[in-house]
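**Student:** Give me a 3D structure for the following:
(2 chains)
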There are 2 protein chains.
Amino acid sequence: MGKIPVKTLERLILYRRLLLTQHDGKSTNIFSHQLAKMTGFTSAQIRRDLMVIGYSGSPVRGYIVEELIKSLGEFIDATQKQGVALVGLGHLGRAILSYFQGRRPKLEIAASFDRQCQKVDQVVMGCRCYHIDDLENIIHEKNILVGIIAVPADEAQDVAERLVHGGIRGIVNFAPIKLKLPPEVYVENRDMIMAVEKVAYFARKSLE
Amino acid sequence: MGKIPVKTLERLILYRRLLLTQHDGKSTNIFSHQLAKMTGFTSAQIRRDLMVIGYSGSPVRGYIVEELIKSLGEFIDATQKQGVALVGLGHLGRAILSYFQGRRPKLEIAASFDRQCQKVDQVVMGCRCYHIDDLENIIHEKNILVGIIAVPADEAQDVAERLVHGGIRGIVNFAPIKLKLPPEVYVENRDMIMAVEKVAYFARKSLE
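**Tutor:** Next up, the predicted model:
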């Protein structure tokens, strides 16, 4: 199966999240128009997306919720559990750990890293913290492909390069800088300041 | 000036951020092809975007960096300082405060809210913390239009409704649920789990 567009994957991830968290649990079936109402996309869009994962509903009974969640998972997740490395255990790192751990069976933060010694060799929210000097070794040893950068801006580029050197192929970057990395590394930037600036603009304009 | 597309605004915000943080500071001028290299967009795209803000460069000398930053600011920011309300002062809320405060002269977190009493009436990173019971009153009193939700998923919908009731017109939502709000409220979702799932998918596929 080839790569799919980022936007399609985002929608598939959203469908699963909504089915897991907001489906009422009473009905065993769901129709594309119900998914449309939950997500704000059109029924036609949803049917096209679900064809991508090879799961088709019935015009009469819709989709079976349990099977749909399973099919979405088989498409989105790895067959084996996939480990993630988290770099930076300040407030943001800890927030990420507490939001993340235990939410997805096939994805876990398998190692965290920090340079402050009092945090190192501790287990924080079920996750062992290593000294940042061991970054490349641990990532390589644990065969981790995904990194989360939660360090200050001035450390982020160095951390990113070390992650890639250790074998990382995808990064979620919370630091407010644009990382310079080889094109084969997939980077998702989550700059909080930019998000707030954007919302502040539209909030203001909505009153003009 | 009317509303512009979200994607255009995102690029304008990115240009300013890069000019503020990654411009070498030595040269006073910059060309669209240099901005193209910094951002990954085409020169033509950048020139079109900067025409939107009404600032045009010269084919010979390019854009004057200082003036460009100023013009971008006049377009993106409010004329007066705009206040933001932050709800939830756990790890995530504190991370947001420390990333955000002092970074943008026209935007500040003017009030934070929490339900835990030991945090209330304290000043955390220069920002006064109020009890969540006072949410609507304080927002209304301070004329705040923008809210950041950094509470657990099961509290987020209630907080969002109270923010809107207090007069909020835009929300950055970090909680992993889809908020149900009136269409005039602009919502930007920043679900961390979804970001990690997406990157994990592309990281894995890059090796297939």
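**Student:** use CA for all of it now, contacts and neighbours both
**Tutor:** Will do.
**Student:** can you give me the helices in chain A?
**Tutor:** In chain A, the helices defined using DSSP state H lie at A:6-22, A:32-39, A:43-52, A:65-76, A:91-100, A:135-142, A:153-165, A:192-205.
**Student:** JSON lines please, covering these and showing distance to B:Thr21, mean neighbour count and mean pLDDT.
**Tutor:** Listed next are the helices of chain A as JSON lines, based on distance: least, CA to CA, whole Å; neighbours: other CA atoms under 10 Å in any protein chain shown; pLDDT from 0 to 100:
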{"stretch": "helix A:6-22", "distance to B:Thr21": "28", "mean neighbour count": "17", "mean pLDDT": "89"}
{"stretch": "helix A:32-39", "distance to B:Thr21": "36", "mean neighbour count": "16", "mean pLDDT": "88"}
{"stretch": "helix A:43-52", "distance to B:Thr21": "39", "mean neighbour count": "16", "mean pLDDT": "93"}
{"stretch": "helix A:65-76", "distance to B:Thr21": "35", "mean neighbour count": "17", "mean pLDDT": "93"}
{"stretch": "helix A:91-100", "distance to B:Thr21": "21", "mean neighbour count": "20", "mean pLDDT": "89"}
{"stretch": "helix A:135-142", "distance to B:Thr21": "27", "mean neighbour count": "17", "mean pLDDT": "96"}
{"stretch": "helix A:153-165", "distance to B:Thr21": "10", "mean neighbour count": "18", "mean pLDDT": "94"}
{"stretch": "helix A:192-205", "distance to B:Thr21": "13", "mean neighbour count": "21", "mean pLDDT": "91"}
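**Student:** can I get those in TSV with distance to B:Tyr63?
**Tutor:** Shown next, in TSV, are those (distance: least, CA to CA, whole Å):
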stretch	distance to B:Tyr63
helix A:6-22	33
helix A:32-39	42
helix A:43-52	42
helix A:65-76	44
helix A:91-100	37
helix A:135-142	41
helix A:153-165	26
helix A:192-205	23
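**Student:** Look up how far chain B lies from the most centrally placed residue in chain A.
**Tutor:** Taking CA atoms, centre = their mean, the centroid of chain A lies closest to A:Val172, which sits 7.8 Å from it. Distance, A:Val172 to chain B, by CA to the nearest CA, to the nearest Å: 6 Å.
**Student:** Could you tell me which residues make contact with that residue?
**Tutor:** A:146-149, A:187-190, B:195-196, B:199 (CA atoms under 8 Å, 6 or more residues apart in numbering or on different chains).
**Student:** Turn the residues you listed into a markdown table, columns for distance to A:His131.
**Tutor:** Shown next, in a markdown table, are those (distance: CA to CA, whole Å):
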| residue | distance to A:His131 |
| --- | --- |
| A:Val146 | 18 |
| A:Gly147 | 15 |
| A:Ile148 | 16 |
| A:Ile149 | 15 |
| A:Val187 | 24 |
| A:Glu188 | 25 |
| A:Asn189 | 24 |
| A:Arg190 | 24 |
| B:Ala195 | 25 |
| B:Val196 | 22 |
| B:Val199 | 24 |
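**Student:** B:Leu135: which of those is nearest?
**Tutor:** A:Arg190 (26.9 Å; CA to CA).
**Student:** Find the nearest non-adjacent residue to the closest one, please.
**Tutor:** Leaving aside its sequence neighbours, A:Arg190 sits nearest to A:Phe174 (CA to CA, 6 or more residues apart in numbering or on different chains; 4.8 Å).
**Student:** surely that neighbour meets A:Asn189?
**Tutor:** Yes: between A:Phe174 and A:Asn189 there is a contact under CA atoms under 8 Å: 6.2 Å.
**Student:** Which one's more surrounded, the two?
**Tutor:** A:Phe174 (23 against 17; other CA atoms under 10 Å in any protein chain shown).
**Student:** And that one, its phi and psi?
**Tutor:** phi -90, psi -10 (degrees, to the nearest 10).
**Student:** residues in contact with A:Cys127?
**Tutor:** A:109-112.
**Student:** just those residues that are near chain B?
**Tutor:** Near chain B, judged by CA under 8 Å from any CA of the partner chain, there are no entries from these.
**Student:** of those residues, closest to A:His91?
**Tutor:** For the contacts of A:Cys127, the nearest to A:His91 is A:Ser112 (13.3 Å; CA to CA).
**Student:** returning to what we had before: dump the contacts of A:Cys127 into JSON lines; add pLDDT as well.
**Tutor:** Below are the contacts of A:Cys127 laid out as JSON lines (pLDDT from 0 to 100):
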{"residue": "A:Ile109", "pLDDT": "95"}
{"residue": "A:Ala110", "pLDDT": "95"}
{"residue": "A:Ala111", "pLDDT": "95"}
{"residue": "A:Ser112", "pLDDT": "95"}
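**Student:** JSON lines for those residues, including neighbour count?
**Tutor:** JSON lines is the format used below for these (neighbours: other CA atoms under 10 Å in any protein chain shown):
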{"residue": "A:Ile109", "neighbour count": "22"}
{"residue": "A:Ala110", "neighbour count": "19"}
{"residue": "A:Ala111", "neighbour count": "23"}
{"residue": "A:Ser112", "neighbour count": "30"}
